[in-house]
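Student: Sequence and predicted structure are below.
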There are 2 protein chains.
Amino acid sequence: MVMKNKGIEEFKTALRTEDLKVTPQRLTVFEEVCSNKEHRDAEDIFIALQNSGKNVSRATVYRTVELLLKYELVTRLDTGDGKWKYEHWLDCSHHDHLICIRCGKIIEFIDEEIEDRQEKICNHYGYKLVRHIHQLFGLCGECQNYNIAS
Amino acid sequence: MVMKNKGIEEFKTALRTEDLKVTPQRLTVFEEVCSNKEHRDAEDIFIALQNSGKNVSRATVYRTVELLLKYELVTRLDTGDGKWKYEHWLDCSHHDHLICIRCGKIIEFIDEEIEDRQEKICNHYGYKLVRHIHQLFGLCGECQNYNIAS
DNA sequence: CATTTAATTGAGAATGAGTCTCGATTAAAA
DNA sequence: TTTTAATCGAGACTCATTCTCAATTAAATG
């Protein structure tokens, strides 16, 4: 069930490049992050590890997820409720998110035209684009009917 | 120095429409938000009020800012450090943000093409767009030179 | 204007995500 | 092996934000 993919090798390489150690805990966290396609926060990941009997401390989960973000093996998503959710990048290409503000449903989208415009905007201001957040908040088809009752 | 503008009337109207009361505290918070064009978090606003001798409790500041967001008299900006900053919308039209990840400098931008594409994406998935977050994180011209030292 | 009633307020306690500390452990270089 | 610095874990800590609840007040009604 464990995924063996190039992601983990890239993680190891990134760690070594920074003179950081490749530890079982770090690998375990990365494995857990990759094993699930849902958008989860650090706490969710910590609990999932506990439930599968893998003891990695909460602090280490937070620390590792931060590394994964830095190495761009993971993206971070602000779901509007003050938490950050993480999502791996394995076989899926880059995408942004459309989030229902009533039921929380998330749709992933990608729009090349927007991607292009972002680059152009950065160039225009002399910035070098590193990452971006682009989230559309709205009401999904079903939740539009509940407008009044909300 | 206090700004009298149509914003405050819209706020009162919105409150009345929801059967909420127009209170001095709510108006004071709105006034403070409008008096400053910087991007500030709720605590900043609370402190600013204290410093000008206006006693509005922290809880009320948070509650009011939440209302302003709901009524779209204010926007909320995730600066990547886990806090939310608020910005009024008075005489300025909608814009998004380009943020330097090293020095924190913020540039405001607007791109009609992106705005259009957002609407189209929402329509495509049957969503009704309510608001969006679009932030580009990168290195500004000056900070690109410090890349190595970071 | 006085009365009534539900919304609002403030002070501080509670929550909770995320960070930090520090002694014990361990990866990995030699 | 030995050595050494990086890492780990447990839980304390931080601090932004939310909640609680008794006292206050806006504003509708008589």
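Tutor: Structure received.

Student: Which helix or strand contains residue A:136?
Tutor: With elements taken from DSSP states H and E, the one containing residue A:136 is strand A:128-139.

Student: after the lowest-mean-pLDDT helix or strand in chain A, next one along is what?
Tutor: Ranking every helix and strand in chain A by mean pLDDT, DSSP states H and E puts strand A:74-78 at the bottom, with a mean of 80. Beyond strand A:74-78 on the C-terminal side, the first helix or strand identified by DSSP H and E is strand A:84-88.

Student: in chain A, what spans have low per-residue confidence?
Tutor: Residues of chain A meeting the criterion pLDDT under 70: A:1-6, A:79-81, A:90-93, A:146-150.

Student: Near DNA strand D, which residues of it are found?
Tutor: A:15, A:19-21, A:23, A:25-26, A:55-60, A:63-64, A:82 (C-beta under 7 Å from any atom of the strand). C-betas here are computed from N, CA, C, even on glycine.

Student: Quick one: list the elements packing against the strand holding residue A:136.
Tutor: Using 3 or more C-beta pairs under 8 Å, 6 or more residues apart in numbering or on different chains; DSSP states H and E, the elements in contact with strand A:128-139 are strand A:74-78, strand A:96-100, helix A:112-124, helix B:112-124, strand B:128-139.

Student: The third one and chain B, are they touching?
Tutor: Yes: Helix A:112-124 reaches chain B (C-beta under 8 Å from any C-beta of the partner chain) through A:113-114, A:117-118, A:121-122.

Student: Select only the buried ones of these in ChimeraX?
Tutor: In ChimeraX, this line selects whichever of the residues of helix A:112-124 next to chain B come out buried by 16 or more other C-beta atoms under 10 Å in any protein chain shown:
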select /A:114,117,118,121,122
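
Student: Turn the residues of helix A:112-124 next to chain B into a markdown table, including distance to residue B:72.
Tutor: Shown next, in a markdown table, are the residues of helix A:112-124 next to chain B (distance: C-beta to C-beta, whole Å):
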| residue | distance to residue B:72 |
| --- | --- |
| A:113 | 26 |
| A:114 | 22 |
| A:117 | 24 |
| A:118 | 24 |
| A:121 | 24 |
| A:122 | 27 |
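
Student: circling back to that earlier point, chain center to the strand holding residue A:136, what's the gap?
Tutor: Averaging C-alpha positions (C-alpha atoms, centre = their mean, to the nearest Å) puts strand A:128-139 13 Å from its chain's average.

Student: quick one: contacts of that strand?
Tutor: Strand A:128-139 is contacted by residues A:72, A:75, A:77-78, A:80, A:96-102, A:114, A:118-119, A:122, A:147, B:78, B:101, B:118, B:121-122, B:127-139, B:144 when judged by C-beta atoms under 8 Å, 6 or more residues apart in numbering or on different chains.

Student: Okay, now the sheet partners of that strand, with direction.
Tutor: strand A:96-100 (parallel), strand B:128-139 (antiparallel) (DSSP bridges).

Student: May I have that strand as CSV, with CA atoms only?
Tutor: The C-alpha trace of strand A:128-139 is given here as CSV (Å, rounded to 0.1, in the frame of the first residue of the first chain):
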residue,chain,number,x,y,z
LYS,A,128,10.4,36.7,-9.6
LEU,A,129,7.4,34.5,-9.0
VAL,A,130,7.9,31.8,-6.5
ARG,A,131,4.4,30.5,-5.6
HIS,A,132,0.9,31.8,-5.6
ILE,A,133,-2.4,31.3,-3.9
HIS,A,134,-5.5,31.5,-6.0
GLN,A,135,-8.8,30.5,-4.5
LEU,A,136,-12.3,31.2,-5.6
PHE,A,137,-14.9,31.2,-2.9
GLY,A,138,-18.5,30.8,-3.8
LEU,A,139,-21.7,28.7,-3.6
